[in-house]
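A.B. asks: just coords:
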C-alpha cells in the first residue's frame with residue numbers, strides 16, 4: 001500500500017474559516033409590497049421583510065457584520081440587527097463569524 005493518497009476533501013483551509021457565512025440581499029422600499037394593507041405597520045420603521053428561509057439562516061449566526069459597498073459604512077453587532085439604508089435595490093452584504 002502506498003504512503004501517498006489523494007483526498008479531495010482534505011483542503012488546507014484553516015478550520016476557523018470553513019464555517020464562514022457570507023450572502024447578499026437586495027433592499028427595497030415599502031412601496032414594493034403587494035397592497036396598502038400590507039404597508040401600514042411596516043411604514044413606521046424598524047422592520048425588515050424577508051423570506052423565512054433567510055431569517056432562519058441569519059438567526060443561527062453568532063456574529064454579524066453589515067456593510068454596503070457605497071457609501072462605505074459598516075455596522076457591527078451581536079444581535080443580528082441592522083439599519084436599512086436608503087435607495088432602491090441597493091445591496092446589503094451579511095457576513096457572520098460562524099455557522100452552527
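C.D. replies: Cool, the structure landed. What you see is a predicted model, and the numbers here were worked out from it, not measured in a lab.

A.B. asks: number of nearby residues for residue 59?
C.D. replies: 9 (other CB atoms under 10 Å). For every residue, glycine as well, the C-beta is placed using N, CA and C.

A.B. asks: Against residue 53, how distant is it?
C.D. replies: According to CB to CB, to the nearest Å, residue 59 and residue 53 sit 11 Å apart.

A.B. asks: and the lengthiest helix in the chain, what does it pack onto?
C.D. replies: Using DSSP state H, we find that the single longest helix of the chain is helix 52-59. Contact partners of helix 52-59 among helices and strands, from 3 or more CB pairs under 8 Å, 6 or more residues apart in numbering; DSSP states H and E: strand 21-27.

A.B. asks: Can you tell me which helices and strands the strand it packs on packs against?
C.D. replies: helix 52-59, strand 90-96.

A.B. asks: Mind telling me which of the ones you listed the model trusts least?
C.D. replies: Per-stretch mean pLDDT for the helices and strands packed on strand 21-27 is lowest at strand 90-96 (a mean of 61).

A.B. asks: Count the neighbours of residue 30 for me.
C.D. replies: For residue 30, using other CB under 10 Å, the count is 16.

A.B. asks: Does it touch residue 45 like I think?
C.D. replies: No: in this structure, residue 30 is not within contact of residue 45 by CB atoms under 8 Å, at 9.4 Å.

A.B. asks: Could you list the low-pLDDT ranges of this protein?
C.D. replies: Within the chain, the stretches with pLDDT under 70 are 1-21, 34-39, 61-100.

A.B. asks: Now the longest helix of the chain: buried residues?
C.D. replies: 57, 58 (16 or more other CB atoms under 10 Å).

A.B. asks: That one versus strand 21-27: what angle between them?
C.D. replies: 130 degrees (axes from the mean of the first three to the mean of the last three CA atoms, to 10 degrees).

A.B. asks: Please tell me how far residue 55 sits from residue 25.
C.D. replies: 11 Å.

A.B. asks: Over to residue 33?
C.D. replies: In terms of CB to CB, residue 33 sits 16 Å off from residue 25.

A.B. asks: cool, and residue 59?
C.D. replies: 15 Å.

A.B. asks: got the contact list for residue 49?
C.D. replies: 33, 42 (CB atoms under 8 Å, 6 or more residues apart in numbering).
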